[in-house]
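Asks: I'd like to go over a predicted model; first the sequence, then the structure.
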Amino acid sequence: VTQNEGGRNSVWNIVPFKRNCPGAHNRLLELIELFTGTKLSTFRIHVQSIREELEIKEANITKLLVYDKLTGAYSRTYFEQALEGFYERFALPAVIAMCDFNGLKLINDTFGHEKGDELLGDGVKIMLDSIGDENVIIRWGGDEFILIMPHMTFVEADQLIKKIKLGLNSFRPKTIPLDVSFGLSVIHSKGQEIGEAIKQAEDRMYSNKLTESKKTRMAVIEFLEKLLWEKDYQTEEHVMRLKSLVDIIGKEIGLSAREIVDLTQTAMLHDIGKIGVPVEILNKPGGLTPDEWNIMKKHSEIGYRITQSSIELAHISEAILGHHEWWDGNGYPQGLKGEEIPLYSRIVSIVDSYDVMTHDRPYKQTMNAADALAEINKWAGIQFDPYLASVFTGVMQEGIVPDA
């Protein structure tokens with residue numbers, strides 16, 4: 001090897017490298033260091049660092065393939081790969097449970113997906129703590145999970161499901177109501193098709209969900225009402241007064257008993273969307289800034305999403321959305337005009353405004369009943385339906401409604 005050093009040529013004689021020749025080995029190290037300008041020890045450290053980094057990344061990729069990142073349950077990818085060795089891993093009889101969390105769409109629509117994900121993670125943790133190491137939970141997709149319980153009968157599995165539900169129920173006082181619908185099937189022998197067992201469990205789960213999810217949705221809405229009342233101490237009393245007023249107005253204009261029930265429900269839930277408004281804005285004394293007012297106005301849309309996500313309340317969701325629309329089209333959020341605005345919205349708009357005017361709020365002082373009714377008449381045809389405004393003021397002036 002010839003190397004030029006400041007115009008001088010230096011010649012190095014290279015001897016063949018022999019594995020058992022320490023001198024040759026050291027000479028080779030000297031040459032590598034000479035031509036690379038790097039100590040071999042430093043090079044080795046660098047290579048080791050790269051190797052460790054690759055091992056960590058490989059472990060993380062493997063973990064992502066095996067486990068669901070959000071919940072810690074096994075992933076569906078892992079389960080599908082493990083199906084080939086199902087009978088070797090899981091002793092028979094084995095019970096397969098398909099499970100689905102109820103009410104999470106309502107939580108996502110109200111508080112956002114971050115809160116829904118948090119609640120889902122909490123629920124799966126309760127399940128993992130309840131089932132023991134021999135049983136396996138797989139995230140099947142979305143809010144659905146599969147629970148595999150080896151060497152277990154249907155009766156034993158049912159007892160374990162009850163234990164899980166008990167754990168979920170004990171979690172309720174601290175947070176949003178949490179419930180899961182289950183469907184079970186049993187694999188007795190190796191001749192059974194696993195896919196068929198999963199399908200049977202899924203069908204049974206959906207059958208149970210039809211009744212259980214209704215209770216969960218209503219429990220969540222009741223929880224949201226309580227939470228709103230805690231945020232705004234006036235809300236519960238305000239809602240009770242509105243309920244009384246709209247009931248009599250509904251009868252006065254000839255609504256049916258069923259329609260009055262729906263109208264009353266609209267009045268009671270019209271401000272449920274305020275659960276998504278920060279308490280410092282909700283109870284702020286004085287006027288709101290433009291940005292704060294824009295946030296406050298979102299409550300009708302939040303209320304719409306809450307009621308729309310419940311089968312039992314979806315039919316009043318449009319009325320919830322429209323309770324701040326104006327007769328002349330200058331309201332929000334859609335700018336509806338006249339009879340485009342749902343009837344229940346128009347009624348609630350009048351009685352809500354009257355109650356707000358006649359009771360203290362952080363941002364205004366109380367107005368007496370006569371002045372409040374004068375305001376309703378003044379804004380009839382602008383903010384309020386003129387016919388309904390006339391009916392309301394007439395009812396109030398005739399004393400048909402108890403002192404509100």
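Replies: Perfect, thanks for sending it. Residues are numbered from 1 along each chain as shown.

Asks: quick one: Phe145 and Cys99 touch, right?
Replies: Yes - proximity of Phe145 to Cys99 meets the contact threshold set by C-beta atoms under 8 Å, at 5.0 Å. C-beta coordinates here come from the backbone N, C-alpha and C atoms, glycine included.

Asks: Give the residues shared as contacts by these two.
Replies: Met127 (C-beta atoms under 8 Å, 6 or more residues apart in numbering).

Asks: doesn't Leu245 make contact with Phe355?
Replies: Careful, residue 355 is Asp; it's not Phe. Yes - contact criterion C-beta under 8 Å: Asp355 and Leu245 qualify, at 7.3 Å.

Asks: Look at these two and report which has more neighbours.
Replies: Using other C-beta atoms under 10 Å, the more surrounded residue of Asp355 and Leu245 is Leu245, with 25 against 18.

Asks: So that one belongs to a strand, correct?
Replies: No - according to DSSP: H, G, I helix; E, B strand; the rest coil, Leu245 belongs to no strand; its state is helix.

Asks: do you know how far it is from Tyr354?
Replies: Per C-beta to C-beta, to the nearest Å, Leu245 is found 8 Å from Tyr354.

Asks: same thing with Asn208?
Replies: Counting by C-beta to C-beta - Asn208 and Tyr354 are separated by 45 Å.

Asks: okay, those two: which has more neighbours?
Replies: Counted by other C-beta under 10 Å, Asn208 and Tyr354 do not tie: Tyr354 has more neighbours, with 25 against 19.

Asks: so Asp109 is in which element?
Replies: helix 104-111 (DSSP states H and E).

Asks: now that helix: how far from the chain's centre is it?
Replies: Here the centre of helix 104-111 is set off from its chain's centre by 4 Å, with C-alpha atoms, centre = their mean, to the nearest Å.

Asks: Same question for stretch 137-148.
Replies: 17 Å.

Asks: Over to stretch 190-204?
Replies: 30 Å.

Asks: Check which helices and strands the longest helix along the chain sits against.
Replies: Criterion DSSP state H: the longest helix present in the chain is helix 194-231. Counting contacts by 3 or more C-beta pairs under 8 Å, 6 or more residues apart in numbering; DSSP states H and E, helix 194-231 packs against strand 94-102, helix 104-111, strand 179-187, helix 235-252.

Asks: which of the residues in the longest one are buried?
Replies: Read that as helix 235-252. Judged by neighbour count using 16 or more other C-beta atoms under 10 Å, the buried positions of helix 235-252 are Thr235, His238, Val239, Arg241, Leu242, Leu245, Val246, Asp247, Ile248, Ile249, Gly250.

Asks: from what I can see Met218 touches Ile311, true?
Replies: No - the pair Met218 / Ile311 is not scored as a contact, 10.2 Å apart, by C-beta under 8 Å.

Asks: Isn't Ile131 up against Ile137?
Replies: Yes - using C-beta under 8 Å, Ile131 makes contact with Ile137 at a distance of 6.9 Å.

Asks: Touching both of these two, which residues are there?
Replies: Shared contacts of Ile131 and Ile137 (C-beta under 8 Å, 6+ apart): Leu147.

Asks: The host helix or strand of Glu88: which residues count as buried?
Replies: Taking DSSP H and E as the definition, Glu88 sits inside helix 86-89. By neighbour count on 16+ other C-beta under 10 Å, the buried set for helix 86-89 is Phe86.

Asks: Average pLDDT for that helix, rounded please.
Replies: Mean pLDDT, helix 86-89: 82.

Asks: just how off-centre is it within its chain?
Replies: On C-alpha atoms, centre = their mean, the centre of helix 86-89 falls 35 Å from that of its chain.

Asks: Kindly report the same for stretch 187-195.
Replies: 36 Å.

Asks: Please enumerate residues in contact with it?
Replies: Leu83, Phe86, Tyr87, Leu92, Pro93, Ala94, Val95, Ile96, Ala197.

Asks: And the strands in the protein?
Replies: 2-5, 8-11, 94-102, 136-141, 144-149, 179-187 (DSSP state E).

Asks: May I have the fifth one exported as CSV, CA atoms only?
Replies: Which is strand 144-149. Extracted in CSV, the C-alpha atoms of strand 144-149 (Å, rounded to 0.1, in the frame of the first residue of the first chain):
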residue,chain,number,x,y,z
GLU,A,144,-65.9,-4.4,19.8
PHE,A,145,-63.7,-7.0,21.6
ILE,A,146,-63.4,-10.8,21.7
LEU,A,147,-62.8,-12.5,25.0
ILE,A,148,-61.5,-16.1,24.8
MET,A,149,-62.0,-18.2,27.9
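
Asks: quick one: strands adjacent to that strand?
Replies: When sheet partners are counted by DSSP bridges, strand 144-149 sits next to strand 94-102 (antiparallel), strand 136-141 (antiparallel).

Asks: Any chance of CSV for the ones you listed, columns mean pLDDT and distance to Leu373?
Replies: As requested, the strands paired with strand 144-149 are arranged in CSV below (pLDDT from 0 to 100; distance: least, C-beta to C-beta, whole Å):
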stretch, mean pLDDT, distance to Leu373
strand 94-102, 92, 45
strand 136-141, 92, 56
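
Asks: Compare these and report which one is nearest to Arg258.
Replies: Arg258 lies closest to strand 94-102 among the strands paired with strand 144-149, at 26.8 Å (C-beta to C-beta).

Asks: when you compare where the closest one runs with where strand 179-187 runs, what's the angle?
Replies: Here strand 94-102 points in a direction 160 degrees away from that of strand 179-187 (axes from the mean of the first three to the mean of the last three C-alpha atoms, to 10 degrees).

Asks: Off-centre distance for strand 94-102?
Replies: With C-alpha atoms, centre = their mean, you get 20 Å for strand 94-102.

Asks: Ok, stretch 114-124 next?
Replies: 7 Å.

Asks: Mean confidence (pLDDT) on that stretch, please.
Replies: For stretch 114-124, the mean pLDDT works out to 89.

Asks: Also stretch 356-366?
Replies: For stretch 356-366, the mean pLDDT works out to 75.

Asks: Give me the distance between the two termini of that stretch.
Replies: Length of stretch 356-366, first residue to last, C-alpha to C-alpha, to the nearest Å: 8 Å.
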